[in-house]
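**Student:** Next comes the sequence, and after it the predicted model I'd like to discuss.
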Amino acid sequence: MFAIVAAVLFGLALLLDLIGESIGFITSGTLMLAGLLFVALHLMPGRGRGRR
């Protein structure tokens, strides 16, 4: 789930960077940092489904 959110954020950041726009105070850099946060959450140990 976190990986999907990260992919969407990276896609939006790329689109905003290519057209040179921003959404209010949200820039492509802000979306990149949010995407990196969700990648880190996705890769976080201890949240696997096989653990009991």
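**Tutor:** Received, thanks.
**Student:** count of residues packed around residue 6?
**Tutor:** Residue 6 is flanked by 19 other residues according to other CB atoms under 10 Å. The C-beta positions use only the backbone N, C-alpha and C, and glycine is treated the same way.
**Student:** ok, it to residue 20 distance?
**Tutor:** 23 Å (CB to CB, to the nearest Å).
**Student:** likewise residue 13?
**Tutor:** The value you get for residue 13 to residue 20, if CB to CB is used, is 13 Å.
**Student:** The two - which one has more neighbours?
**Tutor:** A count of neighbours by other CB under 10 Å puts residue 13 above the other of residue 13 and residue 20, at 20 against 7.
**Student:** buried sites along the helix or strand containing the more buried one?
**Tutor:** Assigned by DSSP states H and E, residue 13 belongs to helix 2-19. For helix 2-19, the neighbour count (16 or more other CB atoms under 10 Å) marks 5, 6, 9, 10, 12, 13, 16 as buried.
**Student:** any residues touching that helix, and which ones?
**Tutor:** For helix 2-19, the external contacting residues (CB atoms under 8 Å, 6 or more residues apart in numbering) are 22-23, 27-29, 31-32, 34-36, 38-39, 41-42.
**Student:** Out of the residues you listed, which end up buried?
**Tutor:** Using 16+ other CB under 10 Å, the buried ones in these are 28, 31, 32, 34, 35, 38, 39.
**Student:** what would those look like in a markdown table with secondary structure?
**Tutor:** Converted to a markdown table, the buried ones among the contacts of helix 2-19 look like this (DSSP: H, G, I helix; E, B strand; the rest coil):
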| residue | secondary structure |
| --- | --- |
| 28 | helix |
| 31 | helix |
| 32 | helix |
| 34 | helix |
| 35 | helix |
| 38 | helix |
| 39 | helix |
